[in-house]
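Enquirer: below are the sequence and a predicted model for it; my questions follow.
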Amino acid sequence: MSNTELDPQEITCPPSSEEPDVELLEPRLVPLGGPRAMTVRRTLPQRLRSLIGAWCFADHYGPDDVRESGGMAVPGHPHTGLQTVTWLFTGEVEHRDTVGSVQRIRPGEVNLMTSGRGIAHSEFSTPDTTTLQGVQLWTALPDSDRFTGRAFEHFVTEPVQHGDATVRTFVGEFAGGSSPVTTFTPLVGAEITLPAGSEVRFALDPAYEHGVLVDLGPVDVDGFHVEPAALAYRPVGRTTLVLRTGDVDGRVVLIGGAPLEEEIVMWWNFVGRDHDEIVRFRQEWMAQVDGAGGADVDTEAYGMFPETWGGSVLPAPELPHTRLKPRKQPPG
């Protein structure tokens, strides 16, 4: 999914510092473009926290009535320096990219796309979809691998029962489940569903920091009340996670990983290391969109557009007139 904000914030994400035991990240509403735009609820990045492990972006959407909103309609757009992770609860989305992938994703399946130096893709909900609900996540590639080759992977998860909870692990390993998709830093991602009136305890890797994004609820996270669309952050060093539900069923997405001990810069759909690099990524994308670039600009930096795209690509927003200023994490 693209970050379609007309004035995207430019963010420097420093390594994480010591934080309170449970930190609540409230979402902000972001329309995905147009008068009938589907609105997403964004919890990463924000001023309170920019990273959870290498997870650097989290959008939660739905349940969305496609007849009213038009559903997901994100034309061709670029990514650099990151991986996209698409996970659905309801509905179906078709993915196309400049590796040549054409893949429909359904609930219980994960699409993972590695941008490396540059990739472009489109995402559209399918005609048969009436309700769309899911999450779009990004992970930042570490400096050692951020210019790796572009790639796409699709994996159908298997449910694992853990007490009263059903777990589907779509990245890494968790609660007896695992996913073979490629990662470049230690990461975990899993959907956890719980019936009403249940309490389930999970073991956590103490080397990881974690986030619990509530889809259905509310859900009690280690004694902390969390409403749907909010995300509860857990710092490194924690060895257990306790989830409780009340009168309604609960469903959460757990993300986590070893802290990324690197400072990154995020703007629009790019992850880089400094302002000038972001400028370069944008310049190369616009040269490819416009079909014109200088001798020193790679006009195929993001791969060849599929013929089905035609002219349906997103131009990059204008860059801010000031250079990046680091955004520091608040004191614990």
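Expert: Okay, I see it.

Enquirer: what sits against residue 253?
Expert: Going by C-beta atoms under 8 Å, 6 or more residues apart in numbering, residue 253 touches 87, 135, 189, 190, 191, 192, 212, 213, 215. Using the backbone N, CA and C atoms, a C-beta is placed for each residue, glycine as well.

Enquirer: what's the answer for residue 71, then?
Expert: 38, 64, 91, 124, 125, 129, 132.

Enquirer: which phi and psi does the nearest residue in space to the fifth one that is not next to it in sequence have?
Expert: It stands for residue 125. Once flanking residues are discounted, residue 125 sits nearest to residue 71: 3.5 Å by C-beta to C-beta, 6 or more residues apart in numbering. The phi/psi pair for residue 71 (degrees, to the nearest 10) reads phi 70, psi -160.

Enquirer: residues near the residue lying closest to residue 156 once chain neighbours are set aside, how many?
Expert: Distances taken as C-beta to C-beta, 6+ apart place residue 109 nearest to residue 156, at 5.0 Å, with adjacent residues excluded. Taking other C-beta atoms under 10 Å as the criterion, the count of residues near residue 109 is 18.

Enquirer: surely residue 109 and residue 153 touch.
Expert: No: judged on C-beta atoms under 8 Å, residue 109 makes no contact with residue 153 at a distance of 10.9 Å.

Enquirer: please enumerate the strands of the stretch 1-150 of the chain.
Expert: For the stretch 1-150 of the chain, the strands defined by DSSP state E, counting those that start in this stretch occupy 11-13, 23-25, 28-31, 39-44, 55-65, 73-79, 82-90, 93-97, 102-105, 109-114, 119-125, 131-140.

Enquirer: quick one: which of these is nearest residue 312?
Expert: Each of the strands of the stretch 1-150 of the chain was scored for nearness to residue 312 using C-beta to C-beta, and the closest is strand 73-79 (4.1 Å).

Enquirer: just the angle between that closest one and strand 131-140, please?
Expert: Here strand 73-79 runs at an angle of 10 degrees relative to strand 131-140 (axes from the mean of the first three to the mean of the last three C-alpha atoms, to 10 degrees).

Enquirer: off-centre distance for the helix or strand where residue 253 lies?
Expert: Element membership for residue 253, per DSSP states H and E: strand 250-257. Distance, stretch centre to chain centre, for strand 250-257: 12 Å (C-alpha atoms, centre = their mean, to the nearest Å).

Enquirer: and what of stretch 233-243?
Expert: Worked out by C-alpha atoms, centre = their mean, stretch 233-243 lies 21 Å from the chain centre.
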